[in-house]
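In: I'll drop the sequence and a predicted model, then ask my questions.
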Amino acid sequence: MPISETEFIKEKKILKKVQKLLEETLSSLGEDVFNDEENLREFKKMMWENSSSFDLAEAKQVMAATSMEAEKVLRRQRYFKRLSDIKTKPYFASIVFKDTQGEIFNIYMSLTYLKDKNSNNILYDWRSPICSLFYDYETGPCSYSAPEGIISGELKRKRQYKIENCKLLGVFDNSLNISDEVLQEVLAEESSDRMKQVVNTIQQEQNKVIRNLEDDNLIVQGIAGSGKTTVALHRIAFLLYRLNNLNSNNILIFSPNNIFTEYISDVLPSLGEDNTLQTTFSDYLEAFITEYHEVESFSDFISRYYSYNEVNPELVEYKQSDEIINDLDDYLNDYINNCKFINSFFEDEIHYVDKDDINEMLQYKYNRLPLFERVEEIAEKLCSNNYKGKRTKVKTYLKLLYENSNFKKDYKKIMKDFYLSEYCKIKLPEKTINSFINKNVINYEDALIFAYIKGKLEGFIYESTIKQVIIDEAQDYSKLQYLIINEIFKKADFTILGDINQNINPYYHYDSLEDLKDIFRGQTKYLELLKTYRSSPEIIEYTNKILNLKHVNAVRKNTNKPVVIRKDVEYLKDSLIKDIKELQSKYKSTALITKDDRQAEALYNLIKDDINISLVDATTKSFTKELIIVPAYVSKGLEFDSVIIYNDRNNSYRKNERNLLYVACTRCQHELYIYN
């Protein structure tokens, strides 16, 4: 609720004092940053001029000293930027906390910290331990976890501020959850081209995910619009703040597509952190599978199904199943056990290699390694024994080892032999097997199997620098993919976020994301986000009926704008353009969402000459959300003020495609039209 006039005047004075201190700090820090750069240049110049007189140990010390100086300069520059970013809006909330000794703390929360000349905290970073009270408690008894242990006390007050351009426009006290006034105001805002930070409206259930430090891995099931991606990005910012020796280059986000990567690119910088490494699983497959000219993307794989271009869906379903993992493991174990060197040989006239010796190495000495790594180790060992450690003959030995063995490093043949073996549950003619193995472009479902076989036989690419992995849209990854990811990032902790209701992979389904708990190393916790902040109650009521859901709760207030259904439209083009213009007159962003790419392209060609519209597909890397046409499976993770769902009579959503329709409809915030 709004505060009294007296309190408001007091808060204005506090804001004025904070702004004065902020300006003084920025001025002083700006001089320091400038001097830092000058001094660093001089330091590097001096080191370079004297480098010829350094021995090896001194040179290493010089490099370390230069690196430390550069890091100090960089830290100061980053802090200067963070303070500059909050100059017009220094803080967003405050709490009054009384500890068990009776001491009272008045905590003002910001995107970064600010200290006075006596090193007293004036502004607290929202990620600091005491600030968790704002998100986790109503007024009354409370506690928070600090480095020195659990701190208990009483939360006396929670307050939020609306500050724009250094002016205090509103102050709200709220004794329960984050103020309804502030939250509803934020939710009422029109969507932008990119996702925003939401530190002033993080909810209790979201905060439990963001601040979790107790568990190695988190699996989060969150309904559409529950803020899964936003929570993940704020969790990254929190981990960067709280964990020593963790930087943005130690974190990797698996995104569903390149559009999504662009969409979330502003959040971490707005929180004062550098963007992390980002990739898609398709990108990984492209990098790992060099035996094919190209790897089909996940979006094209999905499009094949929804466009009814898949000739053998039962085979694809088997390739995507958990069952095939056991079949592959049994086949590969048998394959490895039967691999051996069948001949002894001379490398030259002097150096003789006995097959029993190298089989001993293959089957026992190096059996902890993947098969083809064993062969490389044997080649290096032979080189070491016969050429006093020189590696000049390693390639020669590798060639001879394979020439005198009953196996070859030919993954296409190995995969083909699996489908011809007794381990494969679906019996296929050799012609059919050749049709999907001997192509320039490997299908997505085959690429997963190929990558698994290759990784098992030669080792997966181990990424030792990655300490945290974030996987969004987790429900679209099969167990096989998680096994591969787990092998690549052996030392990483995982945050997995998804929604089983938004699964668009028609061949693979989870009953619950909790099924993933046994895959990852370390302690894993399963959490749920059950409130949606995106769509209006009217839209939620409609989308719940698509999947017969009852637990989805809308936080937005009623808009009194029912979902509009257009049936049997006589003049499609005129009707679409009229509805688009109506929605554009009220909102910043409108999306026409179709079932597949072909439908999107047809609709685009129908209206592009009459209205300024963009066609977006899985290859698109950047776009503005003002008005676009996009297939449903590419729209995942995005949100728009208004949405028109286009459902062609000749290509309508089938009963087993309801999840895709649910995904499309839940992209909408305010007004939803259905062309059916």
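Out: Received the coordinates, thanks.

In: quick one: low-confidence ranges for the stretch 251-400 of the chain?
Out: Low-confidence segments of the stretch 251-400 of the chain, defined by pLDDT under 70: 388-390.

In: quick one: the strands in it?
Out: Listed in chain order, the strands of the stretch 251-400 of the chain (DSSP state E, counting those that start in this stretch) span 251-254, 277-279, 294-295, 345-346, 352-353.

In: now do the stretch 551-676 of the chain
Out: 553-554, 564-566, 590-594, 614-615, 627-631, 640-646, 668-675.

In: out of these, flag the one nearest I150.
Out: I150 sits nearest to strand 553-554 of all the strands of the stretch 551-676 of the chain, at 31.3 Å, using C-beta to C-beta. C-beta: built from backbone N, CA, C; applies to glycine.

In: what does the closest one contact?
Out: 530-532, 535-537, 539-540 (C-beta atoms under 8 Å, 6 or more residues apart in numbering).

In: make sure I have this right: E71 is in a strand.
Out: No - read with DSSP: H, G, I helix; E, B strand; the rest coil, E71 is helix and lies in no strand.

In: tell me how far it lies from Q77.
Out: Distance of E71 to Q77, computed by C-beta to C-beta, to the nearest Å: 11 Å.

In: the two - which one has more neighbours?
Out: Using other C-beta atoms under 10 Å as the criterion, E71 and Q77 rank with Q77 on top: 15 against 10.

In: what's that one sitting at in phi/psi?
Out: phi -60, psi -40 (degrees, to the nearest 10).

In: so it makes contact with L29?
Out: No - when contacts are counted by C-beta atoms under 8 Å, Q77 is not listed as touching L29 (9.3 Å).

In: ok, for K490, nearest residue in space, not its chain neighbours?
Out: Using C-beta to C-beta, 6 or more residues apart in numbering and skipping the chain neighbours, the partner closest in space to K490 is Y462 (6.4 Å).

In: so who does F92 touch?
Out: Counting by C-beta under 8 Å, 6+ apart, F92 has contacts 109-110, 160-161, 163, 199-200.

In: can you give me the strands in the stretch 51-200 of the chain?
Out: Counting by DSSP E, counting those that start in this stretch, the strands of the stretch 51-200 of the chain are 93-99, 104-110, 114-115, 121-125, 140-146, 149-164, 167-173.

In: and the gap between the residue lying farthest from the centre of the chain and N605?
Out: Centroid-distance maximum for the chain: E349 at 57.5 Å, with C-alpha atoms, centre = their mean. Distance of E349 to N605, given as C-beta to C-beta: 73 Å.

In: give me the common contacts of Q77 and L29.
Out: Among the neighbours of Q77, none is also in contact with L29 (C-beta under 8 Å, 6+ apart).

In: picking up where we left off before, rank the strands of the stretch 551-676 of the chain by pLDDT, which is bottom?
Out: By mean pLDDT, the lowest-scoring of those turns out to be strand 553-554, with a mean of 70.

In: what lines up beside that strand in the sheet?
Out: Here strand 553-554 has these sheet partners by DSSP bridges: strand 531-532 (parallel).

In: give the bridge partners for the residue nearest to I539 when sequence neighbours are not counted, please.
Out: Using C-beta to C-beta, 6+ apart and skipping the chain neighbours, the partner closest in space to I539 is L672 (5.1 Å). Legend: beta-bridge partners of L672 under DSSP bridges are V643.

In: just to check, D125 is in contact with C131?
Out: Yes - D125 is in contact with C131 according to C-beta under 8 Å; the separation is 7.3 Å.

In: neighbour count for those two, which is higher?
Out: C131 (23 against 20).

In: check what pLDDT that one gets.
Out: Predicted confidence (pLDDT) for C131: 96.

In: what residues does it make contact with?
Out: Counting by C-beta under 8 Å, 6+ apart, C131 makes contact with 95, 107, 109, 124-125.

In: separation between the residue nearest to K115 when sequence neighbours are not counted and Q101?
Out: Spatial nearest neighbour of K115, chain neighbours left out: N121 (5.9 Å); criterion: C-beta to C-beta, 6+ apart. Per C-beta to C-beta, N121 is found 18 Å from Q101.

In: and if you look at I593?
Out: From I593 across to Q101, the span is 58 Å (C-beta to C-beta).

In: which of those two has more neighbours?
Out: Taking other C-beta under 10 Å, I593 and Q101 do not tie; I593 has more neighbours (28 against 6).

In: thinking again about what came up before, wait, which of the strands of the stretch 551-676 of the chain is closest to S435?
Out: Here strand 627-631 is closest among the strands of the stretch 551-676 of the chain (C-beta to C-beta), at 26.7 Å.

In: the strands of the stretch 51-200 of the chain: lowest mean pLDDT?
Out: strand 167-173 (a mean of 91).

In: who does that strand touch, helix- and strand-wise?
Out: With contacts defined as 3 or more C-beta pairs under 8 Å, 6 or more residues apart in numbering; DSSP states H and E, strand 167-173 has these neighbours: helix 5-49, strand 149-164, helix 180-188.

In: ok, back up a step: can you confirm the residue nearest to K490 is in a strand?
Out: No - going by three-state DSSP, the assignment for Y462 is coil, not a strand.

In: can you list the buried residues in stretch 597-610?
Out: 597-600, 603-604, 607 (16 or more other C-beta atoms under 10 Å).

In: list the contacts for the residue nearest to S614 when sequence neighbours are not counted?
Out: Nearest non-adjacent residue to S614, counting by C-beta to C-beta, 6+ apart: I628, 4.8 Å away. By C-beta under 8 Å, 6+ apart, the contact set of I628 is 590-592, 613-616.

In: want to throw the residues you listed into a markdown table with distance to L583?
Out: Below are the contacts of I628 laid out as a markdown table (distance: C-beta to C-beta, whole Å):
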| residue | distance to L583 |
| --- | --- |
| T590 | 5 |
| A591 | 10 |
| L592 | 10 |
| I613 | 12 |
| S614 | 16 |
| L615 | 18 |
| V616 | 17 |
